[in-house]
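K.L.:
Got a sequence here, can you model it:
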Amino acid sequence: MSGADYRGVNILLLWIEATMKDYSSDRWLTYKQAAEMGGQVRKGEKDVQCVFFKTIERESKKDETGDNETVRVISPFWLFNLDQIDGIEAPQAIGGLEAFQQIEAAEHVLKESSAVIREEGEKAFYRPSTDEIVLPERTRFSSEIEFYSVALHEITHWTGAAHRLARDFSGRFGTHAYAFEELVAELGSAFLNAELGFAATMIPSHAGYIETWLKILKNDKRAIFTAASAASQAHRYIMDLVETEKMVA
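P.N.:
As a prediction, this is how the structure comes out:
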């Protein structure tokens, strides 16, 4: 509850854990963070292992000049859900935004992507028949980050159109193809959020897909790599559009 957001594969790990354990909170803390806030992890509760990448320098054995080389290493850390901790009150949910404060980097991506985005109605979705993205008005979201996370999720769907990246998982995943595309969009949103310097929040209505994702990942060991690859392609496609527009300008 330090306010830090979790990114990349950690988002997926925490979504899955929250769904399997039916946690009501989306807040996660290390044991030390909980203790520092006056909380206590209940006896017998199990943590979730996540990972972060860090850069270290070490002396290069190949370089006779004695210069150091930079390497990336993976380090684990462990989190508990707020539902597993006594003594800490959950923050109050916010109903809606009185005033929307634009996140300029995210707004720039929406604008320069060339996607047609309409803010109307009560649901967020990509409509293939008209090639449009529909979002509720931004002030109806609980936070600016939630709005942009949802928008970037739908833009990831937008990249899958036949005249763009032409994603079609029906041959491999059959009746689960739609749920798998949702996984791609969730990961795509996470990658885009990470590029922009903040982290995605999961769309509540999509939490129901997690059970299907687990079945897919269990039956197809390479499915997660397929999803991550497709999400990465979508991320690159969008950022290439943005960078091209910047060069033209």
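K.L.:
hey, which helix is longest across the protein?
P.N.:
helix 223-248 (DSSP state H).
K.L.:
Okay, now the unreliable bits of this structure?
P.N.:
1-9, 53-55, 58-72, 91-98, 199-208, 245-249 (pLDDT under 70).
K.L.:
residue nearest the centroid of it?
P.N.:
For the chain, A190 is the residue whose C-alpha lies nearest the centre (Cα atoms, centre = their mean; 2.6 Å).
K.L.:
Please report how far that one lies from E36.
P.N.:
Distance check for A190 against E36: by Cβ to Cβ, to the nearest Å, it reads 28 Å. Where you see a C-beta, it was placed from the backbone N, CA and C, and this is true even at glycine.
K.L.:
repeat for E146
P.N.:
Distance, E146 to E36, using Cβ to Cβ: 27 Å.
K.L.:
Tell me which of these two has more neighbours.
P.N.:
Neighbours per residue (other Cβ atoms under 10 Å) separate E146 from E36, with E146 holding more: 19 against 11.
K.L.:
So W78, which state does it fall into?
P.N.:
strand (DSSP: H, G, I helix; E, B strand; the rest coil).
K.L.:
neighbours around it, how many?
P.N.:
12.
K.L.:
List the buried residues in stretch 119-132.
P.N.:
For stretch 119-132, burial by neighbour count (16 or more other Cβ atoms under 10 Å) applies to 124, 126.
K.L.:
Then stretch 166-182?
P.N.:
167, 169, 173, 176-177, 179-182.
K.L.:
and the residues you listed as CSV, adding secondary structure and distance to H108?
P.N.:
CSV is the format used below for the buried residues of stretch 166-182 (DSSP: H, G, I helix; E, B strand; the rest coil; distance: Cβ to Cβ, whole Å):
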residue, secondary structure, distance to H108
R167, coil, 25
F169, coil, 30
F173, helix, 34
H176, helix, 35
A177, helix, 32
A179, helix, 31
F180, helix, 30
E181, helix, 26
E182, helix, 26
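K.L.:
closest to D86 among those?
P.N.:
Comparing these against D86 with Cβ to Cβ places E182 closest, at 34.7 Å.
K.L.:
Let me know whether the closest one touches I216 as I believe.
P.N.:
No - contact between E182 and I216 fails when scored by Cβ atoms under 8 Å: they sit 11.0 Å apart.
K.L.:
ranges for the helices of this structure?
P.N.:
Here the chain has its helices, by DSSP H, at 9-21, 31-36, 104-112, 144-159, 170-173, 177-196, 210-219, 223-248.
K.L.:
among those helices, which is nearest E57?
P.N.:
helix 177-196 (23.5 Å).
K.L.:
domain assignment for the protein?
P.N.:
Structural domains annotated on the chain: 9-86, 104-248, as defined by automatic domain parsing.
K.L.:
most packed of those?
P.N.:
Mean neighbour count, computed with mean count of other Cβ atoms under 10 Å, is highest for domain 104-248 among the domains of the chain, reaching a mean of 17.
K.L.:
now that domain, how far from the chain's geometric center?
P.N.:
Domain 104-248 sits 9 Å away from the centroid of its parent chain (Cα atoms, centre = their mean, to the nearest Å).
K.L.:
Renumber starting at 53 from here on
P.N.:
All set: I'll call the first residue 53, so the last point we hit is now domain 156-300.
K.L.:
Reformat the buried residues of stretch 218-234 as JSON lines; add distance to T191.
P.N.:
JSON lines is the format used below for the buried residues of stretch 218-234 (distance: Cβ to Cβ, whole Å):
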{"residue": "R219", "distance to T191": "32"}
{"residue": "F221", "distance to T191": "35"}
{"residue": "F225", "distance to T191": "37"}
{"residue": "H228", "distance to T191": "35"}
{"residue": "A229", "distance to T191": "34"}
{"residue": "A231", "distance to T191": "30"}
{"residue": "F232", "distance to T191": "32"}
{"residue": "E233", "distance to T191": "29"}
{"residue": "E234", "distance to T191": "26"}
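K.L.:
Thanks a lot, catch you later.
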